[in-house]
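Q: what would the 3D arrangement of this be:
(chains A and B)
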Amino acid sequence: MSEDRHINFKLMRDRIVGSEDGKNFWRSLEELGNSPEFREFVQRENPQHAEEWDNPVERRTFLKLMGASLALAGLSGCVYQPPEKIVPFVRQPQEAVPGKPLFFATAATVAGIATPLLARSNEGRPTKLEGNPDHPINRSADPGDRGSSATDLFAQASILDLYDPDRSQTVTYRDEIRTWTAFLGEMRTALDEQRAKQGAGLRFVTETVTSPTLGAQLKAILAEFPQAKWHQYEPVNRDNARSGAITALGQPVNTIYHFDQAERILSLEADFLSGAPGTLRYARDFAARRRINEGKHEMSRLYVVETTPTTTGASADHRWSVRPSELEGFVSQLAARLGAQGPPVVASSPGQSSPNDVYGSGWIGPLDRDLQQHRGASIVIAGAEAPPAVHAFAHAMNAALGNIGKTVSYTDPLEVNSVDQKESLRDLVQDIDASRVELLVILGGNPAYNTPADLKLDRDRLFKTKLRVHLSSHKDETSELCHWHIPEAHYLESWGDTRSFDGTATIVQPLIEPLYGSKTVHEVLAVFSEQYDRKAYDIVRDYWRSAGSQEAGSSRQSAAEQQPAPSPTRGPQAGSPLGVVAADFEAWWRKSLHDGFVPDSALPPKIFAKTESPDNTNAGGTPALPAVSDTQHPAPGTYEVVFRTDPSIFDGRFANNGWLQELPKPLTKLTWDNAALVSPDTAKRMGLENTIGWKGGEVLVDNITIHHRGQSITCPTWIMPGQPDDVITLHLGYGRQRAGRVGSKRGFNAYTIRTSDSPWTAAGVKVEKALGQFQLAVTQLHFNMEGRDILRTNTLEEYLKEGHGDSKSEHSGERTHVPAPDETLYGNEHKYEGYAWGMAVDANSCVGCNACIVACQSENNIPVVGKEQVVRSREMHWLRVDTYFQGPEASNPEGTYFMPVPCMHCENAPCEPVCPVHATVHSAEGINDMVYNRCVGTRYCSNNCPYKVRRFNFLLYQDWDTPTYQLMRNPEVSVRSRGVMEKCTYCIQRIQEAKIGAELENRPVRDGEIVTACQAVCPTEAIVFGNINDPNSRVAKMKADRRNYSLLSDLNTRPRTTYLGALRNPNPEIT
Amino acid sequence: MANEPYTEGPIHTTVPVVGPDLTFVSVTDKISSLVLKRKTPLWWFIGFAVSFLLVQLLLLTITHLVFTGIGIWGNNVPIGWAFDIINFVWWIGIGHAGTLISAILLLLRQQWRTSINRFAEAMTLFAVASAGLFPLLHAGRPWLLYWMFPYPNTMGIWPQFRSPLMWDVFAISTYGTVSALFWFIGLIPDFATLRDRARSKPFQIIYGMLAMGWRGSARHWHRYEMAYLLLAGLATPLVLSVHTIVSLDFAAGVIPGWHATIFPPYFVAGAIYAGFAMVLVLTIPLRKFYGLEDFITMRHIENMAKVMLATGLIVAYGYIMEAFFGWYSGNIYERFMIYNRMTGPYKWFYWSLILCNVLAPQIIWFKRFRRNLVVLFVLSIVVSIGMWLERFVIIVTSLHRDFLPSSWGMYSPTVWDFSMFLGTIGLFFALLFLFIRFLPIISIFEMRTILPEAELEED
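A: Next up, the predicted model:
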């Protein structure tokens, strides 16, 4: 029958109408009614008789198809397709597989110290930075060591600087756009003028230069212009360490510490776990020495004497806060006790007549004994901020303790030309004031902002020079005062070279063409040479081909004097390019680029003891000691000020980096601002208060005005437990006027009252309470565990005594009932066969460096929300590091502990059953998945999360429009929009990548193959991720440790993230 | 009449629930004239204008909210819910009195309900409408909320039936639907009365359509009574279920202060408490302005006050039990929660709540105050505020300090939180003003059945 027979009314009507005569009408109808067509029609028309459409698969498919076609029709109709020019690769680059990231070795340099990196490149866009595990500083001698992929937080965040839309984009002259050739022309003219007077009016200002190529370039220019001068200035320099070394050892040195060998460590103002050169290696070695497990029951002991709380102090077994004025006196006492030879004359003062009055008299004895008992296995380390005398004493104490050559070694300075930077700056300022400077070339840095108050390169001073050139990535305070501004290429766009703290050179290779018309410092310096249009690539390569060999040789000169000549058994590929034939150079170059370091370029150790003559002041290899100035007790009513770099934005160079601005500072959890730290007692006396505001993350603080040498600043205060009384800590880096849309006009500028003679402290400062309150944005309001079982802490002694019994400690909170896994109403729980992902966080290793937060932000496309939103407690960090202070006294906490808190991935996740739309669900491998596209944003999951690790996009936080940010994002991670909940995924994209890779090779995922972003960046390996079903995995072993516990285990959430309690190893002699 | 001395005695038998002078005719005249004849008083225009302005504020807020995101409010992490859910629960609570009066009291044959049930039902409906806005708009992506309905979809996903929010969807939509039906069906005979009495053509047409052809035949009455009874039966469990389920939003959570078994009865009692308070707030002025003392007698007022007192005592018991459980549990988090409520940064909210909801209503024990309309009016407002504070205490103070001190936070509303709340109050009153202007605020035909005349005829 034909298809249309069922509903063909026409056919039926025709039968009626077309019947022969009217009389048969009724009959016809009956006939019609009896016809099979009509019966079928009736059946179809009446629902009771309708044919059942009872094939469920068909119905579903139909609905799906209908829905899909509707959706597709809608999509194609509604989405505006922007015109895009897509040019396929004509020739596919070698190794480039679309969708597969490539990794390139390079290095980030901050204050002259390189952090070796492996940069991830997705389709030619650098998207994430990891440490280079092949680099010697990230690798121990152990051949089984896989190397550390840690970076510090500055290197981690530097990728955001590359894509910063506020970067300057063109060469400008007096704020007008010019071409590079116009600049070239003008410089050549100016140079010709200078050539006549041998460059007498030519000055170069750089930051600390460790780059061999840059040094060679500068030296070549200075050779051509003998009257020209090269000044180095950086606000955070190692002048004190340098002059301390000169006092003690007669020459500047670079000191390298071997914490893996150290049983006892005394830190004098040294924040070596987060702020010093080599901090990554030091933190790693330090943590390794203190890692306790079933097989290892010993840990080192760290004593910290510091003027302001640091993360290193937080990790200490004993921490003493000291006023800056008391430090030298204490150190000289200790040095005398330790028998550092040639005890200095400590000028007696009335305040010091009684030994009980001397700072540290209660514990200096046990400290002294403990260090003496570990001769050759101890470290005395002084921080860059400590005064020169303390450095000199530290050298002396290390020598007296026999540590030199064991836990402490010396090399030549890393700098190409080690200078006292404040003297260098003073020299420049004098020349400018005497109008001797005609062409001032400022290569990097921001001296108009960060020079000391008495040597300020301010408008008045700079305007005394005829022509000023500034190379910088942003148009900053200095650019504003210079005629020419050259945009500086980011290191991910440039060729260059640099050195890490042990001197190992890395050739910096670009991952991307400069986004704008930026130039590298090498290219700018080339302008002042004969070959003025050379590219950075040629400059760097040629240096390493030829001049580099001499440079490498010269850096070895001192070594060659003291050590046997480098053994000829070393293969040519291992040695410096010295003597490498041209053909081999290409291979050497490629290998150095690929590996991310120049092999064997670490500076050789210097040994003073064996070389110095006995009649030298450094008799017997003991460093000379300085005379200690009398301990200046501060005049009553005055305060001492301590200047420190900001833990997040350093000296101000990262002020426009949103990730770092929003990064909670480790001990205060402050974001977006700096504040003057005062001790609780001082605050009480001055009537200062921190009041928790009502908005969420808001703290209202009182302001103070600080007067020092005719300058004054008004700043908000923060009451800091552990801060010495009458000492005010100011963090540098804020108060930028021209940083960009993120960093401008935030906080106060502490450089205003910083002077060159005492860059890290100021005494005799007048302070008064100022009017008004200031709103600070903080991410943690309570630093007290309230007696709860949150972070378990114990002493090593107690811990070992407890043996395998239930661990209990007086410090940790009330232990609550932990339900057994089978204690449930619901049987048939999901069995995790195959993979079961889990994480273990060793709170004993965490040093609170915050790098994990930034790494997570970078890997997972986490937006920055701004101060106003942090005030509303809406920060988006998936991973936070909680800080807890312990002890009855708020003014002097017994302990400070850090606890990284990512999502716990509970097996009984409270967030899952409350979501009305199944937007957060459990994976078969035990991961609490978040389905962004399904989320409607009820926030019930966040309310019900006992750990409060979920983050909600209250507003459209993600910047969808800025094109550079689009380049930056990790293509493997969804970019979340407004109204959606998000949280830690255990870097699910990395898990999937490893699983796919393993599946292709038909094998299970190996332990260590999946490394979460936070784990990768952690210098102390505190975070370990893996398959807990595999008993041999590192994570499973950690979870089997006696210290392992679940956070809030009494809620029976059964977290996959567990913690290993923190241990401290206090000296039993000190109570 | 209304000032006549009140005589003590069993309520249903001796004391009439209406004024003695009313007849069939006078009842119909009096109530229908409010809509049809009486000149619209000035206060109506003023009141409606103010409410209408607030509705505009609501629309402005909603527009800003949908275009910008719920970040315009003060919510944060840890306080994911705040004014949005507080106001939701508050409005839903207010919406309880209507159903209780109409359905449960109908089934219990409490005749005195007749004077106030129409009004209370309308109030319920408008409160539910105001309440419904909040869960709808509190979501981050409200345009996707239809995902909460179990409809066949191409994504192949059902909603999550374990989530109390899912239960809310059903509870509230059912409650809204049944309340609306109940109210409308109750109105049909009165629509017919208005249709017959209306003079102007448009009113005749509109009321005529709404009356759905009601002619008052025995058959109509028979079906009507059956339908009304059935709906009353349907609505009765809803009185208990809606707020039980709303309370499960909290009780199903793990947060100390939420995770409590006492929540369902305590929430239901609280809802009735709040509902009666709101009925009183609205009735007392209305009765005065429209001269309805004959219909809504002191007996009604007193009965409502007594219900308020009874439910207030249940609520007070709930507060005591919450504190007791917090202490008795021995759980460090529960104990802290109670301690924090009483002494934490939001302690004034807690103590104001105790003052408003526990201490203030005790004056109802005294007949002198119970019969004083001014006192009762003020007290009802106090109780309404107290019930709002109760939700604030439960939601905000529980969330702001939960398990980990590191994630503790604070909350303060923004101007948009207030504008949304004020806007819904405006919406509620605007609807109410329209209701008292265009619909009979007291059920005409039901009033007639309780007149002495009707009793005679039945005999």
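Q: what about the residue of the stretch 951-1071 of chain A found nearest chain B, how many residues nearby?
A: With Cβ to the nearest Cβ, the shortest gap between the stretch 951-1071 of chain A and chain B falls at A:Gly979, namely 2.6 Å. Glycine gets a C-beta too; all of them are placed from N, C-alpha and C. Other residues within reach of A:Gly979, judged by other Cβ atoms under 10 Å in any protein chain shown, total 24.
Q: residues touching it, list them.
A: The contact partners of A:Gly979, by Cβ atoms under 8 Å, 6 or more residues apart in numbering or on different chains, come to A:Cys935, A:Val936, A:Gly937, A:Asn953, B:Gly69, B:Ile70, B:Ala139, B:Gly140, B:Arg141.
Q: I'd like those residues laid out as TSV, including secondary structure, neighbour count and pLDDT.
A: Listed next are these as TSV, based on DSSP: H, G, I helix; E, B strand; the rest coil; neighbours: other Cβ atoms under 10 Å in any protein chain shown; pLDDT from 0 to 100:
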residue	secondary structure	neighbour count	pLDDT
A:Cys935	coil	28	93
A:Val936	coil	23	93
A:Gly937	coil	25	92
A:Asn953	coil	26	94
B:Gly69	coil	21	92
B:Ile70	helix	26	92
B:Ala139	coil	24	92
B:Gly140	coil	22	91
B:Arg141	coil	19	93
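Q: quick check: residues of the stretch 1-150 of chain B near chain A?
A: B:68-72, B:74-81, B:138-142, B:144-145, B:147-148 (Cβ under 8 Å from any Cβ of the partner chain).
Q: drop anything exposed from those.
A: Among these, the ones that count as buried by 16 or more other Cβ atoms under 10 Å in any protein chain shown are B:69-72, B:74-81, B:138-142, B:144-145, B:147-148.
Q: wait, what's in contact with the closest residue to B:Trp147 other than its chain neighbours?
A: Nearest residue to B:Trp147 in three dimensions, chain neighbours excluded: A:Val917, at 4.8 Å (Cβ to Cβ, 6 or more residues apart in numbering or on different chains). Neighbouring residues of A:Val917 by Cβ under 8 Å, 6+ apart: A:Arg934, A:Cys935, A:Val936, B:Trp147, B:Met148, B:Ile157, B:Pro159, B:Gln160.
Q: lowest-confidence entry in those?
A: pLDDT is lowest at B:Ile157 among these; the value there is 86.
Q: for the residue nearest to that residue when sequence neighbours are not counted, give me its contacts.
A: Distance criterion Cβ to Cβ, 6+ apart; nearest residue to B:Ile157, sequence neighbours excluded, is A:His918 at 5.8 Å. For A:His918, the contact set (Cβ under 8 Å, 6+ apart) comprises A:Val931, A:Arg934, B:Ile157, B:Trp158, B:Pro159, B:Gln160.
Q: with B:Lys288 instead?
A: B:Lys288 neighbours (Cβ under 8 Å, 6+ apart): B:Leu373.
Q: would you map the helices across the stretch 251-400 of chain B?
A: B:263-289, B:298-328, B:332-343, B:347-354, B:367-370, B:373-392, B:398-400 (DSSP state H, counting those that start in this stretch).
Q: is the second one in proximity to chain A?
A: No - in this structure, helix B:298-328 remains apart from chain A according to Cβ under 8 Å from any Cβ; the gap is never smaller than 15.2 Å.
Q: what helices and strands are in contact with that helix?
A: Using 3 or more Cβ pairs under 8 Å, 6 or more residues apart in numbering or on different chains; DSSP states H and E as the contact test, the elements touching helix B:298-328 are helix B:114-138, helix B:263-289, helix B:332-343, helix B:367-370, helix B:373-392.
Q: ok, now with 7 Å
A: Helix B:298-328 sits against helix B:263-289, helix B:332-343, helix B:373-392, with contacts defined as 3 or more Cβ pairs under 7 Å, 6 or more residues apart in numbering or on different chains; DSSP states H and E.
Q: for chain A, what helix or strand is lowest in average pLDDT?
A: helix A:557-562 (a mean of 40; mean pLDDT, DSSP states H and E).
Q: helix or strand next in line after it, which one?
A: helix A:582-595 (DSSP states H and E).
Q: circling back to that earlier point, pretty sure the residue of the stretch 951-1071 of chain A closest to chain B is in a strand, no?
A: No - applying DSSP: H, G, I helix; E, B strand; the rest coil, one finds A:Gly979 to be coil, outside a strand.
Q: quick one on the thing from earlier: got the contacts of A:Gly979 as CSV, with distance to A:Gly313 columns?
A: Shown next, in CSV, are the contacts of A:Gly979 (distance: Cβ to Cβ, whole Å):
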residue, distance to A:Gly313
A:Cys935, 42
A:Val936, 46
A:Gly937, 42
A:Asn953, 37
B:Gly69, 41
B:Ile70, 41
B:Ala139, 46
B:Gly140, 42
B:Arg141, 46
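Q: follow-up on the earlier one: reformat the helices of the stretch 251-400 of chain B as JSON lines; add mean pLDDT.
A: Supplementary listing: the helices of the stretch 251-400 of chain B in JSON lines, determined by pLDDT from 0 to 100:
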{"stretch": "helix B:263-289", "mean pLDDT": "89"}
{"stretch": "helix B:298-328", "mean pLDDT": "90"}
{"stretch": "helix B:332-343", "mean pLDDT": "92"}
{"stretch": "helix B:347-354", "mean pLDDT": "94"}
{"stretch": "helix B:367-370", "mean pLDDT": "88"}
{"stretch": "helix B:373-392", "mean pLDDT": "93"}
{"stretch": "helix B:398-400", "mean pLDDT": "92"}
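Q: for those, which one sits closest to A:Gln509?
A: Smallest distance to A:Gln509 across the helices of the stretch 251-400 of chain B (Cβ to Cβ): 50.6 Å, for helix B:398-400.
Q: are the closest one and chain A in contact anywhere?
A: Yes - applying Cβ under 7 Å from any Cβ of the partner chain, one finds helix B:398-400 touching chain A at B:Leu399.
Q: quick check: next helix or strand after that helix?
A: helix B:415-438.
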